[in-house]
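[1] Below is the sequence, then the predicted model.
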Amino acid sequence: VIAHLLKPRGWKPPVCRQFFLDCNEIADLCESAERIFTVEPTVLQLKAPIKIFGDLHGQFGDLMRLFDEYGAPSTAGDIAYIDYLFLGDYVDRGQHSLETITLLLALKVEYPNNVHLIRGNHEAADINALFGFRIECIERMGERDGIWVWHRINRLFNWLPLAALIEKKIICMHGGIGRSINHVEQIENLQRPITMEAGSIVLMDLLWSDPTENDSVEGLRPNARGPGLVTFGPDRVMEFCNNNDLQLIVRAHECVMDGFERFAQGHLITLFSATNYCGTANNAGAILVLGRDLVVVPKLIHPLPPAMIRS
């Protein structure tokens with residue numbers, strides 16, 4: 001899988017939409033990766049230096065560009081020197097969800113101690129049935145195999161860790177702290193495998209909540225994403241960081257124009273790695289490189305002009 005897909009310079013969208021792996025190969029890959037996820041804690045304990053990636057949403061070309069520009073997780077790349085952390089939303093919306101998730105799972109199996117995956121709100125069957133992943137599986141693998149693969153990968157998603165703590169100082173999650181999360185232990189206490197239907201408010205907040213529109217909007221507000229979801233103000237961020245002796249929250253979940261955006265006087269960073277989201281946003285994509293000294297350096301890729309995507 002890695003040999004076929006990890007081509008930071010040379011990757012081109014396949015001419016034939018038929019996916020190159022069959023059912024059995026994907027089953028084996030899921031089995032191997034799931035074995036690792038089941039023994040990992042719900043909140044990963046990680047060390048710096050580390051590179052952090054936000055939403056990818058099946059935009060495999062952007063993942064390859066990020067690897068090309070800023071180093072790839074291979075022995076030819078920088079995996080010996082720096083870890084990789086991905087903050088969820090691997091599938092849906094983009095054209096290459098299958099490439100994205102299978103490569104990340106293969107990298108997890110190859111480098112279990114250096115490549116880290118946590119769960120986003122799209123790593124859930126009820127969501128990715130609606131926003132493209134299910135249809136992609138069927139179109140590229142046929143009805144029977146496609147639905148089987150879709151089910152199998154979603155079963156694996158229920159095992160994904162839900163947050164990551166770097167050097168006990170920086171917490172990374174997909175969405176945010178919402179209204180319910182005041183202590184890291186609340187996340188650690190979530191039992192996996194877990195589904196959205198299990199309906200934990202902590203899980204909903206963790207995967208779905210957003211910061212308010214800017215630092216002047218405090219407290220908790222309703223979230224336009226839907227009923228029962230909230231946005232949280234800079235006061236909540238500061239309180240959470242103080243409660244847990246943290247210096248920073250890194251989260252993804254929202255498309256931001258520069259690929260990254262600071263909030264709460266720099267105590268929260270939103271990170272989004274897919275460029276020109278949904279073909280319309282014209283946003284840059286970014287990753288964060290976190291040094292040994294915990295200094296955060298954003299690295300950007302800009303949207304390609306339409307002609308370059310076609311060529």
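    Sure, I can see it.

[2] For the rest of this, base every contact and every neighbour count on C-alpha atoms.
    OK.

[3] Isn't Ile181 up against Asp205?
    Yes. Applying Cα atoms under 8 Å as the test, Ile181 and Asp205 come out as touching, 7.5 Å apart.

[4] These two: which is more packed in?
    Taking neighbours as other Cα atoms under 10 Å, Ile181 and Asp205 compare with Asp205 leading, 23 against 18.

[5] Contacts only, for that one.
    Taking Cα atoms under 8 Å, 6 or more residues apart in numbering as the criterion, Asp205 is in contact with 175-181, 229-230.

[6] Pipe those residues into a markdown table and attach distance to Tyr90 and secondary structure per row.
    Output for the contacts of Asp205, formatted as a markdown table (distance: Cα to Cα, whole Å; DSSP: H, G, I helix; E, B strand; the rest coil):
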| residue | distance to Tyr90 | secondary structure |
| --- | --- | --- |
| Gly175 | 14 | coil |
| Gly176 | 18 | coil |
| Ile177 | 21 | coil |
| Gly178 | 22 | coil |
| Arg179 | 25 | coil |
| Ser180 | 25 | coil |
| Ile181 | 24 | coil |
| Leu229 | 22 | coil |
| Val230 | 23 | strand |
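
[7] Now list the buried members of the residues you listed.
    If you count burial by 16 or more other Cα atoms under 10 Å, the buried members of those come out as 175-179, 181, 229-230.

[8] Among the residues you listed, which has the minimum pLDDT value?
    Least confident entry in the buried ones among the contacts of Asp205, by pLDDT: Leu229, with 94.

[9] Could you find the closest non-adjacent residue to it?
    For Leu229, ignoring the flanking residues on the chain, the nearest one in space by Cα to Cα, 6 or more residues apart in numbering is Asn223 at 5.2 Å.

[10] thought the one you found was touching Gly233?
    No. The pair Asn223 and Gly233 does not pass the contact test of Cα under 8 Å, sitting 11.8 Å apart.

[11] between these two, who's got more neighbours?
    More neighbours sit around Gly233 than around the other of Asn223 and Gly233, counting by other Cα under 10 Å; the figures are 23 against 18.

[12] Ser209 is in contact with that one, correct?
    No. With contact defined as Cα under 8 Å, Gly233 does not count as touching Ser209 (11.0 Å).

[13] I'd like to check what contacts stretch 146-162. Which residues are they?
    Applying Cα under 8 Å, 6+ apart, the external contacts of stretch 146-162 come out as 23, 26-27, 30, 34, 37-38, 40-44, 117-119, 123-125, 133-134, 136-140, 173-174, 187, 192-195, 206.

[14] What are the neighbouring residues in contact with Lys12?
    Applying Cα under 8 Å, 6+ apart, the residues near Lys12 are Gly61.

[15] Tell me which helix or strand comes right after the helix or strand where Val149 lies.
    When secondary structure is defined by DSSP states H and E, Val149 falls within helix 143-157. Later in the chain than helix 143-157, the nearest helix or strand by DSSP H and E is strand 163-166.

[16] Strand partners (parallel or antiparallel) of the helix or strand that that following strand is followed by?
    For strand 163-166, the succeeding helix or strand toward the C-terminus, using DSSP H and E, is strand 170-172. In the sheet containing strand 170-172, the strands it pairs with under DSSP bridges are strand 163-166 (antiparallel), strand 248-251 (parallel).

[17] Of all these, which one is nearest Leu290?
    Shortest distance between Leu290 and these, using Cα to Cα, is found for strand 163-166: 9.5 Å.

[18] all strands for this structure, in order.
    Counting by DSSP state E, the chain has these strands, from start to end: 43-46, 50-53, 83-86, 115-117, 163-166, 170-172, 210-211, 220-222, 230-232, 248-251, 260-263, 268-271, 285-290, 296-301.

[19] Quick one: mean pLDDT over stretch 39-58.
    Model confidence over stretch 39-58, given as mean pLDDT, is 99.

[20] what about it, start to end distance?
    Taking Cα to Cα, to the nearest Å, stretch 39-58 runs 27 Å from one end to the other.

[21] Same question for stretch 293-304.
    Separation of the first and last residues of stretch 293-304 by Cα to Cα is 33 Å.

[22] So what sits opposite the residue lying closest to Tyr70 once chain neighbours are set aside in the bridge?
    Using Cα to Cα, 6+ apart and skipping residues adjacent in sequence, the residue nearest Tyr70 is Lys299, 7.7 Å away. Taking DSSP bridges, one obtains Ile287 as the residues bridged to Lys299.
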